[in-house]
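1. generate a structure from the sequence data that follows.
(one chain, ligands or ions: 1)
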Amino acid sequence: MDRAIIHVDMDAFFASIEQRDNPSLIGKPVIVGGISDRGVVCTASYEARRYGVHSAMAGKIARRLCPQGIYLPVNMKKYKEVSKEIYKIFKRYSDVIEPVSIDEAFIDVTGQDPLSVAKTIKKDIRDELRLTASIGISINKFLAKLASDIEKPDGLTIIRKEEIIDFLRPLPVNKIWGVGPRMERELNKLGIYYIGDIQAYDVDVLISLFGKRGRELYDFSYGIDLRPVENHVINQSLGEEETFEEDIEDMDFLIHKLKTFSFNLSNKLISKDSLIKTITVKIKYSDFRVETRSMTLNIPTNDPDTIFNVSKGILLTKFNINKSIRLIGITLSNLIYPEEPFQLSMKL
Ligand SMILES: [Mg+2]
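-> Modelled structure (predicted):
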């Protein structure tokens, strides 16, 4: 039997809650976060998005694009409360729920009519919480997530089995799960720009070029994704690391790497509406010995400068480096939100 997977994504979650709770904000460009110049936007209302403001944008840039915007502090306690209520609604319709972030989840409703469950969930959220969600439905997580993104806000999109290949064909390759800018560049070099280009590519060549990842790309291009909806925490961390072509002794170079990682990781956290408390720096020496050092913060963060300054501090004070280095990386753990009853599952 085919699976029936629903992906629910709340619309402009933080901003919508603020508009709901203060009707004078309805119809106005509301921006949550980004109050200080160094802070970043967490959520922009749809009105603010028309000015080009989006999440993860520096507050300074947002204010330049939308000076008339209403900039509000992040009231995470309130958003968490709302998130709990949303997850309670999900629970009515399935026990198999995988939280992706504070406002986003997969729900396995195999054996039920997914369209009617999705409509009911949307109605419950609207009636009980006065908020809107966009929902995607398909036979797996990859397609359900693509579907939820098609018609936002307040969308409901189903990708049926017989439509999958035609649906995927015209989409850019970066719509495939896990294809970031680097992979996209690699694929572009091969003349692959659209998912249809992967469908038409020789799978053996993809495997010889990218190994296991090549097989995955090919499978995704045909909408094959066997990953289950998992309602427990699998891996509560995310990180970035780089192995160098040549061993490195230059501290400034390593610090520069930490800066790049910090900014990339901060963007990932912001896009997931998440914060972290623990920062770990990992080093592999030229003799392949691995050392890690961590620091746990009192206040959870997703701020790029904080992540950078802490990881730089760890590198400079907690290691005793007397050899050249072949790898450096940062891992962020202790991800926060949503709290009970579901913990955040983060697999990036
Ligand atoms: Mg959302």
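2. contacts, neighbours, all on C-alpha from now
-> Noted.
3. do you have the helices of the protein handy? List them.
-> Assigned by DSSP state H, the helices in the chain fall at 13-21, 46-49, 59-65, 76-91, 114-129, 141-148, 164-168, 181-189, 195-199, 203-210, 212-221, 251-271, 304-317.
4. winner for burial among the ones you listed?
-> Neighbour counts (mean count of other CA atoms under 10 Å) averaged over each of the helices of the chain peak at helix 141-148, with a mean of 24.
5. which other helices and strands does that helix contact?
-> With contacts taken as 3 or more CA pairs under 8 Å, 6 or more residues apart in numbering; DSSP states H and E, helix 141-148 sits against strand 5-10, strand 133-138, strand 156-158.
6. who's in contact with it?
-> For helix 141-148, the surrounding residues in contact (CA atoms under 8 Å, 6 or more residues apart in numbering) are 5-9, 106, 134-138, 155-159, 175-177, 220, 223, 225, 227-229.
7. ok, which of those also contact the ion?
-> Near the ion, taking CA under 5 Å from the ion as the test, the members of the contacts of helix 141-148 found are Asp9.
8. ok, of the contacts of helix 141-148, which come out buried?
-> Buried by 16 or more other CA atoms under 10 Å: 5-9, 106, 134-138, 155-159, 175-177, 220, 223, 225, 229, out of the contacts of helix 141-148.
9. does stretch 67-84 come close to the ion?
-> No: Stretch 67-84 lies out of reach of the ion by CA under 5 Å from the ion, never closer than 11.3 Å.
10. next one: that stretch to chain centre, how far?
-> Centroid displacement of stretch 67-84 relative to its chain, using CA atoms, centre = their mean, to the nearest Å, is 18 Å.
11. endpoint to endpoint, that stretch covers what distance?
-> 33 Å (CA to CA, to the nearest Å).
12. ok, which of the helices and strands packed on helix 141-148 comes nearest Leu258?
-> strand 5-10 (31.6 Å; CA to CA).
13. which elements pack onto the closest one?
-> Packing partners of strand 5-10 (3+ CA pairs under 8 Å, 6+ apart): strand 104-108, helix 114-129, strand 133-138, helix 141-148.
14. what about the residue in the stretch 101-250 of the chain positioned nearest to the ion, how many neighbours?
-> Minimum separation of the stretch 101-250 of the chain from the ion (CA to the ion) falls at Asp103, amounting to 5.5 Å. For Asp103, the count of nearby residues is 25 (other CA atoms under 10 Å).
15. leaving out the residues flanking it, which one is nearest to it?
-> Leaving aside its sequence neighbours, Asp103 sits nearest to Met10 (CA to CA, 6 or more residues apart in numbering; 5.5 Å).
16. do I have it right that that neighbour meets Leu129?
-> No: taking contacts as CA atoms under 8 Å, Met10 lies outside contact range of Leu129: 11.4 Å.
17. okay, now the domains of this structure?
-> Following automatic domain parsing, the chain resolves into domains at 1-159, 165-221, 237-333.
18. now mean pLDDT too, for those domains, in CSV please.
-> What follows is these, written out as CSV (pLDDT from 0 to 100):
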stretch, mean pLDDT
domain 1-159, 94
domain 165-221, 94
domain 237-333, 90
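19. re earlier: which residues touch the residue nearest to Asp103?
-> The neighbours of Met10, taking CA under 8 Å, 6+ apart as the test, are 103-104, 131-134.
20. which members of those are the farthest-apart pair?
-> Greatest spatial distance in those: Glu104 and Leu131, 13.5 Å, computed using CA to CA.
21. any chance of the helices of the chain in TSV, plus distance to Glu241?
-> Shown next, in TSV, are the helices of the chain (distance: least, CA to CA, whole Å):
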stretch	distance to Glu241
helix 13-21	31
helix 46-49	33
helix 59-65	28
helix 76-91	30
helix 114-129	39
helix 141-148	25
helix 164-168	31
helix 181-189	14
helix 195-199	27
helix 203-210	18
helix 212-221	18
helix 251-271	8
helix 304-317	13
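22. ok, which of those comes nearest Val40?
-> Across the helices of the chain, Val40 has its closest neighbour in helix 59-65 (5.0 Å, CA to CA).
23. export that closest one to CSV, keeping only CA atoms.
-> Extracted in CSV, the C-alpha atoms of helix 59-65 (Å, rounded to 0.1, in the frame of the first residue of the first chain):
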residue,chain,number,x,y,z
GLY,A,59,18.0,43.6,10.5
LYS,A,60,20.0,46.4,9.0
ILE,A,61,19.1,45.4,5.4
ALA,A,62,15.5,44.7,6.3
ARG,A,63,15.1,48.2,7.7
ARG,A,64,16.6,49.7,4.6
LEU,A,65,14.1,47.8,2.4
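24. which residues touch it?
-> Counting by CA under 8 Å, 6+ apart, 33-41, 51-54, 69 sit against helix 59-65.
25. gap between it and the chain center?
-> Computed by CA atoms, centre = their mean, the separation of helix 59-65 from the middle of its chain amounts to 23 Å.
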